[in-house]
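Novice: Next comes the sequence, and after it the predicted model I'd like to discuss.
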Amino acid sequence: MHIEKTIVQFVEKVKPNIFLLKVLAKNISSKATAGQFCNIKVSETDFPLLRRPFSIHNIENESVYFLFDIHGEGTKILSNKKVGDKIDIIGPLGNGFNIDDNYETIFLVAGGIGVAPFPFLTKSLTNKKIITFYGARNKDYIYDKNLINVKYSTDDGSYGFHGNVIELLEKEIGKNDFHNIKIYGCGPTPMLKALQKFSLENKIDCELSVESAMACGFGICQGCPIETTDNSYKLICKDGPVFNSKEIIL
Amino acid sequence: MNIDLSVNIGSLKLKNPILLASGTVGYGNEISEFTDLSKIGAIVTKSISLKPRKGNPPQRIVETPSGMLNAIGLANVGLEAFVKEKIPFLEKLNATIICNIAASTLDEYVECVKILEYEKSIKAFEINVSCPNVKDGGLIFGNDINWVGKITEQVRKSTSKPIIIKLSPNVPNISDFAAVAKKEGADAVSAINTLVGTSFDIYTRKPKIKNITGGLSGPAIKPIALAKVLEIKRNVDIPIIGVGGIMNWKDVVEFMIVGATAIQIGTANFINPNVSNEIINDLYKFCSEQKIENISSLTGSFQI
Ligand SMILES: Cc1cc2nc3c(=O)[nH]c(=O)nc-3n(C[C@H](O)[C@H](O)[C@H](O)COP(=O)(O)OP(=O)(O)OC[C@H]3O[C@@H](n4cnc5c(N)ncnc54)[C@H](O)[C@@H]3O)c2cc1C
Ligand SMILES: Cc1cc2nc3c(=O)[nH]c(=O)nc-3n(C[C@H](O)[C@H](O)[C@H](O)COP(=O)(O)O)c2cc1C
Ligand code: FES
């Protein structure tokens, strides 16, 4: 964990509502693993007060990439950064995806901006057969650079399968004879819930990256609990944001 | 010039007036990766109760203009784990420990204090009678002057360590509460705990935090906290620890001028976990520029 004064290398509008931010961050880039996140101070003033959490989208040399959509005031400010601006970032935070060698086939399942951590994960999963299932509202919300073997779904049918990404997954898994699968999922909670159910029913090992409002991002405020199956709470920022799907109650 | 940042809170001597507020730094483990706890006046540990508490269900926090609401519900590891695991860690770091206690009955306060009395590294107790987010105890005690008196009296009988009563701002006359605390033997009061607030989603018409109401903290409450400190200062002769919305050294100086002997940093730790040490360095600079030899001379130096 570092508090790092990073320097903006670029902010680019890659889709009507989606931005890609690249910052120079020596310390964070050298420590990060796929699925970890950073807590970003979007302004130098006390407004907005709290940092904003974002997944690490990718790492390249000493740079860190973030992919984000405009949600409210904080993300709007972030999208207006200029090359050379300084941004105060804490990271890398949390526990990322567990990469283990027991699995041959990897399904990456993304819903909307939940695709953010997958380019870094794709890069980290060497020697695996990866299939990416990517669901979005419509084709304007799809940003698929640095993903491989992508199967698309859109809610309005404007691109790929017409329906949600779990329906797509169900359809595809019936078609093929996959072995030794592990699923990594990230997206809105209703989608993660459906994915959790899917993985339990099909007895597929599954890790989910979950979200919560956060104040600190590293375990001191107790603001981000998630209920676990053993009837206690874990902290999403410190114990997660990635959890085994069997461990949590969504 | 030799600058002396040390302050005395009753019999408790601290190397500087900067304390970390209860519930905003856990038990020090995580924040110690960002900041040197040995250099800070003291760390006030997360409210501890006799038995562990799970805390409230999510969502527990929400950002509000210049502040945040929290309804953590005193989630804590309980007294036993605190003694076994948390205190030794803080001792190793050479941190000055003030232990904050929250309880749901008078007996529980007394029992906690009696058990912790033997922990040498606990330099003082801060008694939380003002948590707005739990059903039993909390504000039921903090808003009732008789309870505050009784709790102070019983805790006083059970310990020889300094005791600090953490006051609720959700009352009309905070100085009356400070006066009772003093009368029953408290060494100091801290003011303020969070203010009760809420926030609703206009589309779903539901509260943004599950508990419906939460405690407001951050810069939004600073003017209120300052007014409460001033009110106590003008009415009761007791050391005051100012808390509420402190983000930087200027805020610290302002709190001291209106009457605080020391201050606590809460929400600001979430945004900059090293802010306390940065503030200490800035206070050195301010004191040398202003030729203030003893920072304690600022306390109550207001000109009205
Ligand atoms: C671990 C983690 C990783 C994330 N990764 C990404 C990412 O890679 N790309 C991306 O676009 N978004 C990501 N998010 C969501 C992102 O943090 C929010 O979109 C962002 O905080 C919204 O801020 P705002 O000021 O624009 O919105 P506002 O709605 O104005 O924010 C108000 C408050 O609510 C909080 N908040 C609002 N929405 C969310 C949310 N979905 N999750 C958590 N807090 C929220 C904000 O942090 C802020 O405190 C992630 C969230 C978490 C917890
Ligand atoms: C997330 C959170 C948890 C808190 N938990 C406690 C607690 O356990 N005990 C306590 O006495 N005060 C608790 N407080 C109150 C703070 O110690 C402090 O009084 C208050 O936040 C005002 O200071 P600030 O504006 O600097 O944060 C908590 C505050 C926050 C924001
Ligand atoms: S965000 Fe503070 S503990 Fe998780």
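Specialist: Arrived safely, thanks for sending. Computed from a prediction, not measured in an experiment: that's the story for all the values here. Ligands and ions are numbered 1, 2, ... in the order given.

Novice: how's chain A carved up into domains?
Specialist: The domain map for chain A lists A:2-92, A:105-209, with the assignment taken from automatic domain parsing.

Novice: Rebuild those domains as CSV, extending it with mean neighbour count and mean pLDDT.
Specialist: For glycine as for every other residue, the C-beta is placed from the backbone atoms N, C-alpha and C. Converted to CSV, those look like this (neighbours: other C-beta atoms under 10 Å in any protein chain shown; pLDDT from 0 to 100):
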stretch, mean neighbour count, mean pLDDT
domain A:2-92, 19, 97
domain A:105-209, 19, 94
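
Novice: so which of the ones you listed gets nearest B:S47?
Specialist: Distances from B:S47 to each of those were compared using C-beta to C-beta; the shortest belongs to domain A:2-92, at 21.9 Å.

Novice: Quick check: closest non-adjacent residue to A:K128.
Specialist: If you skip the residues right next to it in sequence, A:K128 has A:I106 as its closest partner in space, 4.9 Å away by C-beta to C-beta, 6 or more residues apart in numbering or on different chains.

Novice: quick one: which helix or strand includes that neighbour?
Specialist: Following DSSP states H and E, one finds A:I106 within strand A:105-111.

Novice: Same question for A:L78.
Specialist: The secondary structure element spanning A:L78 is helix A:73-79 (assigned by DSSP H and E).

Novice: Ok, A:F198 next?
Specialist: Element membership for A:F198 (DSSP H and E) is helix A:189-201.

Novice: shouldn't the residue nearest to A:K128 be in contact with A:I131?
Specialist: Yes. Using C-beta atoms under 8 Å, A:I106 makes contact with A:I131 at a distance of 7.3 Å.

Novice: Say whether chain B is contacted by the helix holding A:L78.
Specialist: No. Against chain B, helix A:73-79 shows no contacts by C-beta under 8 Å from any C-beta of the partner chain, the least distance being 8.9 Å.

Novice: Can you tell me which helices and strands that helix packs against?
Specialist: For helix A:73-79, the helices and strands in contact under the criterion 3 or more C-beta pairs under 8 Å, 6 or more residues apart in numbering or on different chains; DSSP states H and E are strand A:2-15, strand A:18-24, strand A:52-55, strand A:63-69.

Novice: Point out the other elements, helices or strands, that the helix or strand following that helix touches.
Specialist: Next in sequence after helix A:73-79, counting helices and strands by DSSP H and E, comes strand A:86-93. Applying 3+ C-beta pairs under 8 Å, 6+ apart, one finds that strand A:86-93 contacts strand A:2-15, helix A:26-31, strand A:37-41.

Novice: let's see 10 Å
Specialist: The elements that strand A:86-93 packs onto, with contact taken as 3 or more C-beta pairs under 10 Å, 6 or more residues apart in numbering or on different chains; DSSP states H and E, are strand A:2-15, strand A:18-24, helix A:26-31, strand A:37-41, strand A:52-55, strand A:63-69.

Novice: Would you convert the ones you listed into a markdown table that also reports distance to A:F178?
Specialist: Rendered in a markdown table, the data for the helices and strands packed on strand A:86-93 read as follows (distance: least, C-beta to C-beta, whole Å):
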| stretch | distance to A:F178 |
| --- | --- |
| strand A:2-15 | 31 |
| strand A:18-24 | 30 |
| helix A:26-31 | 33 |
| strand A:37-41 | 29 |
| strand A:52-55 | 26 |
| strand A:63-69 | 28 |
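
Novice: low pLDDT regions in the stretch 51-200 of chain B?
Specialist: For the stretch 51-200 of chain B, applying pLDDT under 70 flags the ranges B:131-139.

Novice: Report the beta-bridge partners for the residue of it at minimum distance from ligand 1.
Specialist: Scanning the stretch 51-200 of chain B for the residue nearest ligand 1 gives B:E63, at 3.7 Å (criterion: C-beta to the nearest ligand atom). For B:E63, the beta-bridge partners are B:M68 (DSSP bridges).

Novice: so who does it touch?
Specialist: With contacts defined as C-beta atoms under 10 Å, 6 or more residues apart in numbering or on different chains, the neighbours of B:E63 are A:48-50, A:52, A:72-74, A:213-215, B:69, B:199, B:208, B:218.

Novice: Distance to ligand 3 added to these, as JSON lines?
Specialist: Formatted as JSON lines, the contacts of B:E63 follow (distance: C-beta to the nearest ligand atom, whole Å):
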{"residue": "A:P48", "distance to ligand 3": "15"}
{"residue": "A:L49", "distance to ligand 3": "14"}
{"residue": "A:L50", "distance to ligand 3": "9"}
{"residue": "A:R52", "distance to ligand 3": "12"}
{"residue": "A:G72", "distance to ligand 3": "18"}
{"residue": "A:E73", "distance to ligand 3": "19"}
{"residue": "A:G74", "distance to ligand 3": "15"}
{"residue": "A:A213", "distance to ligand 3": "8"}
{"residue": "A:M214", "distance to ligand 3": "4"}
{"residue": "A:A215", "distance to ligand 3": "5"}
{"residue": "B:L69", "distance to ligand 3": "14"}
{"residue": "B:S199", "distance to ligand 3": "18"}
{"residue": "B:K208", "distance to ligand 3": "16"}
{"residue": "B:G218", "distance to ligand 3": "14"}
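
Novice: so, if you compare these, which one comes nearest to ligand 2?
Specialist: The closest of those to ligand 2 turns out to be B:G218 (C-beta to the nearest ligand atom; 5.0 Å).

Novice: what's the closest non-adjacent residue to the closest one?
Specialist: The shortest distance from B:G218 to any residue other than its chain neighbours is 3.4 Å, reached at B:G67 (C-beta to C-beta, 6+ apart).

Novice: Please verify my assumption that that neighbour contacts B:M247.
Specialist: No. Counting by C-beta atoms under 10 Å, B:G67 sits too far from B:M247 to count as a contact (11.1 Å).

Novice: What parts of chain A come near chain B?
Specialist: Proximity of chain A to chain B (C-beta under 10 Å from any C-beta of the partner chain) is limited to residues A:1-3, A:39, A:41, A:46-52, A:72-74, A:88, A:90, A:212-227, A:231-233, A:235-238.

Novice: residues contacting the residue nearest to A:K128?
Specialist: By C-beta under 10 Å, 6+ apart, the residues touching A:I106 are A:97, A:99, A:121-122, A:125, A:128-132, A:149, A:180-184.

Novice: related to what we said a few turns ago, with respect to A:E207, which of the helices and strands packed on helix A:73-79 lies nearest?
Specialist: For A:E207, the closest of those is strand A:52-55, at 13.7 Å, according to C-beta to C-beta.

Novice: how about that closest one, does it reach ligand 1?
Specialist: Yes. Contact of strand A:52-55 with ligand 1 is found when judged by C-beta under 6 Å from any ligand atom, involving A:52-55.

Novice: Could you give me the buried positions within the helix or strand containing B:L216?
Specialist: Element membership for B:L216, per DSSP H and E: strand B:213-217. Of the residues in strand B:213-217, B:214-217 count as buried by neighbour count, 16 or more other C-beta atoms under 10 Å in any protein chain shown.

Novice: ok, now stretch B:209-225?
Specialist: Residues of stretch B:209-225 classed as buried by neighbour count (16+ other C-beta under 10 Å): B:209, B:211, B:214-222, B:224-225.

Novice: ok, A:P190 to ligand 3 distance?
Specialist: As judged by C-beta to the nearest ligand atom, to the nearest Å, A:P190 and ligand 3 stand 22 Å apart.

Novice: got the phi/psi numbers for the residue sitting furthest away from the middle of chain B?
Specialist: What lies farthest from the middle of chain B is B:Y203; by C-alpha atoms, centre = their mean that is 35.9 Å. B:Y203 has phi and psi values of phi -90, psi -50 when expressed as degrees, to the nearest 10.

Novice: how close does it sit to A:E211?
Specialist: When C-beta to C-beta, to the nearest Å is applied, the distance between B:Y203 and A:E211 equals 19 Å.

Novice: Over to A:Y65?
Specialist: From A:Y65 over to A:E211 the distance is 19 Å, taken as C-beta to C-beta.
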